[in-house]
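Participant: 3D, please:
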Amino acid sequence: MHDSDKYFMKCAIFLAKISEMIGEVPVGAVLVFNNTIIGKGLNSSILNHDPTAHAEIKALRNGAKFLKNYRLLHTTLYVTLEPCIMCYGAIIHSRISRLVFGAKYKNLQKYICCKNHFFINKNFRKISITQEVLESECSNLLSSFFKRKRKIATKYFNNNII
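Facilitator: Got it, this is the predicted structure:
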């Protein structure tokens, strides 16, 4: 873990909290180049009616615009939740150097397995992965969000509203 990992993860957590305030799953991401945030993203799939509007994708897009290059060499992506398969694909194609995430995506292991490095095949570059940075804060944000969602759904279901 690098000295700045907690700082940049806190920036991603801030974005995740904004995502939650607009009714989205609380996930936030920042893309960093030379210790400077060049891309930010928060989930907005529901708001934008876009299944690809994940925090990671938005941060990568913003970073690519900033660098004027789709290859995001020598960058680090910080995200509050381990990326899904779609986002992992974008991460690989963007050629970031490093991925740092907070909470583990528990269902991801049904689809893929990653330990310390993620590989598609030997011809792709290796991406360094640092896991579980500020994990409890990231996990608590997600679990409290889904707990509230379930409570609301149960209330409506029990009152025969739906």
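Participant: any weak-confidence spans in the protein?
Facilitator: Segments of the chain classed as low confidence (criterion: pLDDT under 70) are 106-125, 149-162.
Participant: at 80 instead, please
Facilitator: 105-126, 146-162 (pLDDT under 80).
Participant: what about residue 64, helix or strand, and which?
Facilitator: Following DSSP states H and E, the helix or strand that holds residue 64 is helix 55-67.
Participant: What residues of the helix or strand just after that helix count as buried?
Facilitator: On the C-terminal side of helix 55-67, the closest following helix or strand by DSSP H and E is strand 75-81. Buried residues in strand 75-81, counted by 16 or more other C-beta atoms under 10 Å: 75, 76, 77, 78, 79, 80, 81. Bear in mind the C-beta positions are built from the backbone N, C-alpha and C, glycine included.
Participant: Now do strand 75-81: everything it contacts.
Facilitator: With contacts defined as C-beta atoms under 8 Å, 6 or more residues apart in numbering, strand 75-81 is touched by 5, 8-9, 11-13, 16, 26-33, 38, 55-56, 59-60, 63, 87, 91, 94, 96-103, 105, 133, 138, 141-142.
Participant: And the buried ones among those residues, selectable in ChimeraX?
Facilitator: Restricted to buried positions by 16+ other C-beta under 10 Å, the ChimeraX selection for the contacts of strand 75-81 reads:
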select :5,8,9,11,12,13,16,26,27,28,29,30,31,32,33,38,55,56,59,60,63,87,91,94,96,98,99,100,101,102,103,105,133,138,141,142
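Participant: Now, the contacts of strand 75-81 that are in strands?
Facilitator: Among the contacts of strand 75-81, the members falling in strands are 28-33, 38, 98-103 (criterion: DSSP state E).
Participant: Redo those as CSV? Include distance to residue 126.
Facilitator: Rendered in CSV, the data for the ones in strands among the contacts of strand 75-81 read as follows (distance: C-beta to C-beta, whole Å):
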residue, distance to residue 126
28, 25
29, 21
30, 22
31, 18
32, 19
33, 19
38, 22
98, 10
99, 11
100, 15
101, 17
102, 22
103, 23
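Participant: which stretches of this structure form helices?
Facilitator: Taking DSSP state H as the criterion, the chain contains helices spanning 5-21, 45-48, 55-67, 85-94, 135-158.
Participant: right, so those: which one is the most enclosed?
Facilitator: Per residue and on average, the most neighbours among the helices of the chain fall to helix 55-67, with a mean of 22 (mean count of other C-beta atoms under 10 Å).
Participant: All set, thanks.
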